[in-house]
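1. Provided below are the primary sequence and the corresponding predicted coordinates.
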There are 2 protein chains.
Amino acid sequence: MKRPTITDVAEKAGVSKATVSAVINDRDTVKPSTRDHVLSIIKTLNFQPKGQARGLRGRTSGRSIGFIVRELDNPFYTAVAVGVKKYANAKGYTLFIASSERSHGNEEILTRQFAAQEVKGAIIAPVIDGNTEIDHLFSLKKFNYPFVLLEEVAGIRANVVSVDNLRAATEAVKYLIECGHSRIVHFSGPEFASHGFERINGFRNAFSESQLVYNENLIIHCGSHFKDGFETGLEYFNNILPDQFPMAVVCYNDVVALGLMAALRKLAVKVPDQVSIIGYDDIEFARYWSPALTTIGTPLEELGKKAAEILIRNIEAKTAITIETHALKAMLHIRETVLDLNK
Amino acid sequence: MKRPTITDVAEKAGVSKATVSAVINDRDTVKPSTRDHVLSIIKTLNFQPKGQARGLRGRTSGRSIGFIVRELDNPFYTAVAVGVKKYANAKGYTLFIASSERSHGNEEILTRQFAAQEVKGAIIAPVIDGNTEIDHLFSLKKFNYPFVLLEEVAGIRANVVSVDNLRAATEAVKYLIECGHSRIVHFSGPEFASHGFERINGFRNAFSESQLVYNENLIIHCGSHFKDGFETGLEYFNNILPDQFPMAVVCYNDVVALGLMAALRKLAVKVPDQVSIIGYDDIEFARYWSPALTTIGTPLEELGKKAAEILIRNIEAKTAITIETHALKAMLHIRETVLDLNK
DNA sequence: AAATATTTTTGAACCGGTTCAATATACAAA
DNA sequence: TTTGTATATTGAACCGGTTCAAAAATATTT
């Protein structure tokens, strides 16, 4: 038995479709007795008006935009989302968030669902791994569905708002060098994603611009969670040869940095006296931790705001408009986890 | 000038609607030359097929559910969302998250948007403050829109999945008493929301079941963020009279507890030697902090899973089914922030 | 009781797409 | 040239609601 329609209700109640519609929409032209009767039929039939058909005619359906994140429990995205939401709400749009959980398939389904509904446009943190799948993005372009990427995707020209990770990572390492550090390593994050990759490259960059010698062993493959920093840190510092003991660690993000610091505390290695540490993101915990974490602050809310701004400009444009690319600047927040050897 | 429709495209391209539709849907029955021509018209007209009409006929629109949280940047909700998502995905539903930002108005708009689209049902963390507004919830009930609340709302009978905060808070205090503590205070969270209120009540409860004397001054109004714990902690412990110095603090949640610990470290007050602390939620940081936080663990993922389970059961039910209420048990995780005076 | 005003209800067109049987066109074989 | 077949295109019905002018039912006035 299929889902009941307004016609079913009308027939069973012995009234016209128009009357049922009036009841549904709380029109006050309906006689109370008819109203109650129709309502009771609605209940027994378990009728549920189908939104799609409703929106077809009549009132402009509510304006909304979507945001596809890569994972739900990552504070990075929620911070960006806050920025998106603020801007969107100010412009009269509501925001729907969905997560691809790092799956191309999900990303495609979600973009399709957004596009198919009354969601007017989407901000996408694209899944990037070994095999690129960008058909769905092309398909969005084909039908002029407005979208903004939070990371460059090879092979597709689209609006992009991102952070200048390369420059930021380079500067972090330079700062360490200025402070007199020489044996510097990097606890790296996901290497396929461009932000992870850029940070590694920035790390390498700084070496080539200095007199330090780069070497693959200076990249320690870690991950992106607290646990990763903790466990990798424990293992790395437990097995490191005394003559290879690093003077400083640049971490993929703050959470990893905090995890690493927890591990070092357990190993009784003092920060910053024995090892200096730099994080990335400037999450709330970073400044309250003891010692307060020196970290590269990415303007997450700004990022979201900018993306929303471009998206909505595209949604409201009558004609096709030029594609925009923005790379926001990240800034080093100097706190207490880097030792200055010049002093 | 209004948004172009498929008819506009068809006319301008000199073909029928059916052909345009075929192009849109990548049907391989279209001659490449027509295809390209239509596509070019689509581009110049900036045509965007309207999903609502598409879903009306043909393929069943994708299954999805919604989750309305109270705030985006609260790890509590993202943890619950992870549980919701896992269950939903396993059942073939995608999840959309939206935030009411603690506004009744937004909550109403969002429920309406969910209901009006092809989102089959919603899990709602209801906004609860002084003035109750539940018209939209009634409206959902009226049209049999399936939904599950994450907190009891006075005046409405609906599916509810929540945590037994009262019992948990009571047990936390009892544990402190067993450990020999007597002067115990509570850093409280939002008092209108039932979970905040229940924790306060649980705190009070434990007193009445013991020989301790309850007193309004034992409740310190704090908040729910790290910053709140830090600042309230700083102020409170700075101004407290020596004879009123508490032996233990039960915090509204973990983040507040960590903030408080950061403040105490700054004041050189030792935890747990001078003050014992209990948190609430068991977030990831709790177990890695030093000292590791003793806290009441709420099964957040479980909570989400249970809510999703009930929701989907309701969505897939052919006829009206009974309303369910569940209160999940929270558990005390004993770590290092409570001093046992019996030892 | 008739005329008029008001409240309710309805029929039919409409929204913007999809679908598919039927038709038109192109292309190869007889 | 005619016939057969594969390929392209289309007309018209349809999806499940909304809308509104017009008709029907009630209520009020004269």
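-> That came through, no problem.

2. what about the helix or strand harbouring A:E235, average pLDDT?
-> Using DSSP states H and E, A:E235 maps to helix A:226-239. For helix A:226-239, the mean pLDDT works out to 94.

3. So what touches it?
-> A:187, A:220-223, A:251, A:255-264, A:266-267, A:269, B:284-285, B:288 (C-beta atoms under 8 Å, 6 or more residues apart in numbering or on different chains). The way it works is simple: take the backbone N, C-alpha and C, and place the C-beta from them, glycine included.

4. Same question for stretch A:28-47.
-> Contact partners of stretch A:28-47, identified using C-beta under 8 Å, 6+ apart, comprise A:4-6, A:8-9, A:12-13, A:15, A:19-20, A:22-23, B:142-144, B:318-320.

5. and the residues you listed, which are buried?
-> A:P4, A:T5, A:I6, A:V9, A:K12, A:A13, A:V15, A:T19, A:V20, A:A22, A:V23, B:N144 (16 or more other C-beta atoms under 10 Å in any protein chain shown).

6. Kindly reformat the residues you listed as a markdown table containing pLDDT, distance to A:E235 and secondary structure.
-> As requested, those are arranged in a markdown table below (pLDDT from 0 to 100; distance: C-beta to C-beta, whole Å; DSSP: H, G, I helix; E, B strand; the rest coil):
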| residue | pLDDT | distance to A:E235 | secondary structure |
| --- | --- | --- | --- |
| A:P4 | 86 | 61 | coil |
| A:T5 | 88 | 62 | coil |
| A:I6 | 91 | 64 | helix |
| A:V9 | 93 | 66 | helix |
| A:K12 | 93 | 69 | helix |
| A:A13 | 93 | 71 | helix |
| A:V15 | 94 | 73 | coil |
| A:T19 | 95 | 72 | helix |
| A:V20 | 93 | 67 | helix |
| A:A22 | 91 | 70 | helix |
| A:V23 | 89 | 67 | helix |
| B:N144 | 78 | 55 | coil |
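
7. quick check, nearest of those residues to DNA strand D?
-> Of all those, DNA strand D sits closest to A:I6, with 3.0 Å by C-beta to the nearest atom of the strand.

8. In this structure that closest one contacts A:A22, no?
-> No. Counting by C-beta atoms under 8 Å, A:I6 does not reach A:A22; the two are 11.0 Å apart.

9. Quick one, grab the pLDDT at A:A317.
-> On the pLDDT scale, A:A317 is placed at 77.

10. before we move on, the earlier item: name only those of the contacts of helix A:226-239 that count as buried.
-> A:187, A:220, A:222-223, A:251, A:255-264, A:269, B:284-285, B:288.

11. out of these, which touch DNA strand D?
-> Among those, none lies close to DNA strand D by the criterion of C-beta under 7 Å from any atom of the strand.

12. Can you flag which of those belong to helices?
-> A:255-264, B:284-285, B:288 (DSSP state H).

13. Mind telling me which residue is nearest the centre of chain A?
-> Residue closest to the average C-alpha location in chain A (C-alpha atoms, centre = their mean): A:Y77, at 3.5 Å.

14. which residues touch that one?
-> For A:Y77, the contacting residues are A:V69, A:R70, A:E71, A:A125, by C-beta under 8 Å, 6+ apart.

15. In space, what's closest to A:T295 - neighbours in sequence excluded?
-> A:G279 (3.6 Å; C-beta to C-beta, 6 or more residues apart in numbering or on different chains).

16. Now for that neighbour: which residues touch it?
-> Residues near A:G279 by C-beta under 8 Å, 6+ apart: A:C251, A:N253, A:D254, A:V256, A:A257, A:L258, A:A286, A:L293, A:T294, A:T295, A:I296, A:T337.

17. I'd guessed the fourth one sits against A:R199; true?
-> The reference is to A:V256. No. With contacts counted by C-beta under 8 Å, A:V256 stays clear of A:R199, the gap being 11.2 Å.

18. Now list whatever residues contact both of the two.
-> Taking C-beta under 8 Å, 6+ apart as the criterion, A:V256 and A:R199 both touch A:G189.

19. hey, which helix or strand in chain A has the poorest pLDDT?
-> Counting by mean pLDDT, DSSP states H and E, the weakest-scoring helix or strand in chain A turns out to be helix A:51-56, with a mean of 56.

20. C-terminal to that helix, which secondary structure element comes first?
-> strand A:64-69.

21. Give me the sheet partners of that next one and which way each runs.
-> Strand A:64-69 pairs in its sheet with strand A:94-99 (parallel), strand A:119-124 (parallel), by DSSP bridges.

22. residues in contact with the first one?
-> In this structure, residues lying in contact with strand A:94-99 by C-beta under 8 Å, 6+ apart are A:62-72, A:81, A:84-85, A:88-89, A:106, A:110, A:113-114, A:119, B:66, B:72, B:85, B:94-99, B:106, B:109-110, B:113.

23. Equivalent analysis for the last one, please.
-> When contacts are defined by C-beta under 8 Å, 6+ apart, strand A:119-124 is touched by residues A:63-68, A:84, A:93, A:96, A:107, A:111, A:114-115, A:137, A:140, A:145-150, A:304, A:307-308, A:311-312, A:314-315.

24. List the buried residues of the helix or strand following that strand.
-> Reading on from strand A:119-124 to the C-terminus, the next helix or strand found by DSSP H and E is helix A:135-142. Residues of helix A:135-142 classed as buried: A:H136, A:L137, A:L140, A:K141 (neighbour count, 16+ other C-beta under 10 Å).

25. counting contacts, what elements does the next helix or strand after helix A:135-142 pack onto?
-> Downstream of helix A:135-142, the first helix or strand assigned by DSSP H and E is strand A:147-149. Under the contact criterion of 3 or more C-beta pairs under 8 Å, 6 or more residues apart in numbering or on different chains; DSSP states H and E, strand A:147-149 touches strand A:119-124, strand A:159-163, helix A:300-316.

26. Adding distance to DNA strand D and mean neighbour count, write those out as TSV.
-> Output for these, formatted as TSV (distance: least, C-beta to the nearest atom of the strand, whole Å; neighbours: other C-beta atoms under 10 Å in any protein chain shown):
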stretch	distance to DNA strand D	mean neighbour count
strand A:119-124	19	25
strand A:159-163	33	22
helix A:300-316	23	21
